[in-house]
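No sequence on hand, only this structure:
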């Protein structure tokens with residue numbers, strides 16, 4: 001199984017670099033255009049490159065994520081191929097794969113169909129299977145020295161619970177739309193929002209479970225914590241570059257959006273990086 005995980009991880013990393021670099025760098029000289037959504041709203045499309053048929057908001061977010069994915073994919077290759085400590089490799093690889101598989105899911109299900117679709121499918125499939133196999137191996141492995149289980153990472157457990165609950169902010173978009181029967185403004189030309197689905201259906205319960213297990217000093221909590229903390233660090237970086245790209249495209253982000261949504265995830269990502277380093281020091 002180790003060989004299969006290695007091969008799938010490398011395929012995932014290579015396809016991620018290819019798709020992300022194309023998303024950031026490729027241009028065909030197209031220009032912006034305005035279309036009417038199925039909801040009757042006028043939406044400006046980017047009009048250039050592989051994201052030509054996506055809104056400015058989605059294009060800025062996806063390009064920002066692409067920058068982080070290039071970094072994550074390169075680190076994934078280095079960790080998978082060059083890192084000598086197998087236990088540290090397992091924890092870091094699983095965490096990096098969580099970033100790649102999360103982003104690949106959003107790509108293949110949330111971005112308008114384009115010429116890279118089959119590459120997205122390969123990226124999605126390889127990263128998802130690599131992540132699941134790597135997570136299975138992590139659960140069966142003892143990556144830490146016994147000293148880690150003598151410590152109670154109360155702060156980390158509480159942080160994971162708070163981080164998981166932070167995605168409930170998406171309900172402020174969803175519930176008003178359900179009550180009024182009007183579409184969410186963030187939908188634009190799309191029919192659904194994959195981020196809301198992933199965060200509320202997977203990230204929320206997993207973060208709550210991991211946080212509670214860590215507070216109870218269960219081994220599964222110690223094993224899963226670095227994976228979630230790595231993912232949260234990646235999300236924090238994504239939000240930074242997403243905001244930069246969206247501003248560069250001329251989108252006006254209110255102080256509430258910058259300090260509220262963006263600021264929250266950036267702070268959570270920064271704290272997650274520090275907490276991750278603390279727990280990884282106990283890898284044997």
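Ah, there it is. Note that the coordinates shown come from a computational prediction; the quantities given were computed from them, not determined experimentally.

that's a strand at residue 44, yeah?
Yes - checked against DSSP: H, G, I helix; E, B strand; the rest coil, residue 44 lies within a strand.

Quick check, it in contact with residue 56.
Yes - with contact defined as CB atoms under 8 Å, residue 44 reaches residue 56; the gap is 5.5 Å. (Glycine included, C-beta is placed from N, CA and C.)

Common neighbours of these two, please.
residue 32 (CB atoms under 8 Å, 6 or more residues apart in numbering).

burial count for the nearest residue to residue 56 once chain neighbours are set aside?
Nearest residue to residue 56 in three dimensions, chain neighbours excluded: residue 249, at 5.0 Å (CB to CB, 6 or more residues apart in numbering). Neighbour count for residue 249, taken as other CB atoms under 10 Å: 16.

From residue 87, how far off is residue 249?
43 Å (CB to CB, to the nearest Å).

got it, and residue 154?
Applying CB to CB to residue 154 and residue 87 gives a distance of 24 Å.

Can you give me the buried ones in the helix or strand hosting residue 222?
In the assignment (DSSP states H and E), residue 222 maps to helix 219-248. By 16 or more other CB atoms under 10 Å, the buried positions in helix 219-248 come out as 221-243, 245-246.

ok, now stretch 270-281?
For stretch 270-281, by 16+ other CB under 10 Å, it's 271, 272, 273, 275, 276, 279, 280.

possible to save those as CSV with secondary structure?
Formatted as CSV, the buried residues of stretch 270-281 follow (three-state DSSP):
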residue, secondary structure
271, helix
272, helix
273, helix
275, helix
276, helix
279, helix
280, helix
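
Output the residues you listed as CSV; include the columns distance to residue 211 and pLDDT.
Output for the buried residues of stretch 270-281, formatted as CSV (distance: CB to CB, whole Å; pLDDT from 0 to 100):
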residue, distance to residue 211, pLDDT
271, 13, 95
272, 12, 96
273, 17, 96
275, 11, 96
276, 14, 96
279, 13, 95
280, 18, 95
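
Which members of those are the farthest-apart pair?
Spanning the widest gap among these are 271 and 280, at 14.9 Å by CB to CB.

coming back round to it: does anything pack onto the helix holding residue 222? Which helices or strands?
helix 56-82, helix 86-110, helix 117-140, helix 154-166, helix 204-215, helix 263-280 (3 or more CB pairs under 8 Å, 6 or more residues apart in numbering; DSSP states H and E).

on that earlier part again, might one say that the residue nearest to residue 56 is in contact with residue 61?
No - using CB under 8 Å as the test, residue 249 is too far from residue 61 to be in contact (10.2 Å).

What average pLDDT does stretch 72-90 get?
For stretch 72-90, mean pLDDT rounds to 96.
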